[in-house]
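Peer 1: give me the fold of what follows.
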Amino acid sequence: MSRSLIDGVAEQLEALEETIILRLIDRAQFRVNRPAYEPGGIQFRGEDRTSLFELRLRHQEEMDAVFGRFAFPEERPFTRGLPEARRKVTGIPDFLRIPDYDRVNLTAEVKDRTLAFVYEICPPGDDGQYGSATEHDVYVLQAVSRRIHYGAMYVAEGKYRADPALYRRLIEAGDTADIEARLTRPEVERRICRRVVRKTRRIQAEANRRIRTLVAPQAMRRFYREAVIPLTRKGEVLYLTNRTEEA
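Peer 2: Numbers count the residues shown, from 1 in each chain. Modelled structure (predicted):
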């Protein structure tokens with residue numbers, strides 16, 4: 001079961017690559033637009049101490065919460081104090097063994113790393129398209145966060161089931177360094193990075209450079225290598241160190 005679980009999770013993570021790449025390319029069509037990230041930088045009635053970006057993210061997540069998005073393990077919110085879901089959510093996997101999904105919540109780091117990359121790939125300056133820029137920021141953040149948290153929880157559970165005695169011993173010893181070493185698979189990570197480069201090239205192959213901002217495939221590779229993969233692995237360690245036999 002553990003092998004088929006890991007294989008299925010790997011396929012889902014691979015499928016999310018196109019979503020992340022496309023979301024980032026879409027965001028790169030707007031300039032950095034720094035005022036949108038400054039508290040009070042953009043006039044918004046009744047909100048003079050919050051950035052437009054933070055407002056856009058909060059309002060999106062409030063709506064998502066009402067519709068039940070955050071009932072799913074991989075959908076960790078960036079915002080606290082969200083409303084309760086107003087619909088019965090079905091189809092939530094029941095084989096994760098963690099009492100509170102938010103014990104694996106890396107959203108603060110996801111936001112910092114992802115926005116830093118957004119600032120890198122977007123043309124510098126200001127085009128006044130603050131609403132569109134922050135809308136795409138939210139789509140990017142949610143896609144990256146979903147990939148990281150999905151990989152963290154489901155891959156960790158699959159690896160635990162493949163060798164429960166080993167991981168139980170490491171968890172009981174509190175040996176997080178050895179847990180992380182056991183979770184690390186350099187060849188798999190290199191294969192993911194190569195695939196991200198190929199996909200980024202293919203997606204942009206016929207783009208008109210006169211009207212489109214292209215994202216360098218090697219930059220996308222670096223984002224995966226330095227942010228997506230390490231944060232996923234950090235989440236795996238968090239999952240295993242918070243795992244119980246009964247969820």
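
Peer 1: show the contacting residues for Phe70.
Peer 2: 61, 64, 76-77, 82, 85 (Cβ atoms under 8 Å, 6 or more residues apart in numbering). In this view, the C-beta of every residue, glycine as well, is placed from N, C-alpha and C.

Peer 1: buried members of these into ChimeraX, please.
Peer 2: If you want just the buried ones from the contacts of Phe70 in ChimeraX, going by 16 or more other Cβ atoms under 10 Å, the selection is:
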select :61,64,76,77,82
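
Peer 1: which pLDDT does the model give the residue most central in space within the chain?
Peer 2: Centroid-nearest residue in the chain: Ser145, 1.8 Å away (criterion: Cα atoms, centre = their mean). Looking at Ser145, its pLDDT is 98.

Peer 1: and it, how close does it get to Gln43?
Peer 2: From Ser145 over to Gln43 the distance is 29 Å, taken as Cβ to Cβ, to the nearest Å.

Peer 1: so who does Arg243 touch?
Peer 2: By Cβ under 8 Å, 6+ apart, the neighbours of Arg243 are 97-98, 156-157, 160, 171.

Peer 1: in the protein, what helix or strand scores lowest on average pLDDT?
Peer 2: helix 2-27 (a mean of 90; mean pLDDT, DSSP states H and E).

Peer 1: and that helix, what does it pack against?
Peer 2: helix 107-121, helix 130-150, helix 156-162, helix 186-203, helix 217-223 (3 or more Cβ pairs under 8 Å, 6 or more residues apart in numbering; DSSP states H and E).

Peer 1: now the fourth one: buried residues?
Peer 2: Yep, that's helix 186-203 we're talking about. 189, 192-193, 196-197, 199-200, 203.

Peer 1: how about residues contacting it?
Peer 2: 13-14, 17-18, 21-22, 25, 215-218, 220-221, 224-225, 229.

Peer 1: I'm done for today, thanks for sticking with me.
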